[in-house]
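> next comes the sequence, and after it the predicted model I'd like to discuss.
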Amino acid sequence: GRVEALEAEQAELRAALADGSLYQSDLQRAIALQSRDSAIDEELTAALERWAELEAAQAPPD
């Protein structure tokens with residue numbers, strides 16, 4: 001689903017940024033990848049909050 005796709009994309013971004021050489025060879029790309037990583041964090045947070053809301057709405061009352 002959407003969460004899995006975002007997590008996979010984020011893992012790729014973080015792997016590309018992990019060794020640090022990208023910051024020396026292509027600083028603009030490194031900055032763009034960092035920006036996308038932050039955006040993915042926000043998307044994941046929103047998706048997980050929505051998921052929690054849906055689960056709470058489906059839960060039987062106490």
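Perfect, I can see it now.
> gap between the longest helix along the chain and the chain center?
Counting by DSSP state H, the longest helix found in the chain is helix 27-58. What separates the centre of helix 27-58 from the centre of its chain is 5 Å, taken as Cα atoms, centre = their mean, to the nearest Å.
> does anything pack onto it? Which helices or strands?
helix 2-18, helix 21-25 (3 or more Cβ pairs under 8 Å, 6 or more residues apart in numbering; DSSP states H and E). (Each C-beta comes from the backbone N, C-alpha and C, glycine too.)
> can you dump the C-alpha atoms of the last one in CSV for me?
C-alpha atoms of helix 21-25 as CSV (Å, rounded to 0.1, in the frame of the first residue of the first chain):
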residue,chain,number,x,y,z
SER,A,21,29.9,11.3,-0.6
LEU,A,22,26.8,12.7,-2.3
TYR,A,23,27.2,15.9,-0.3
GLN,A,24,30.6,16.4,-1.9
SER,A,25,29.8,15.2,-5.4
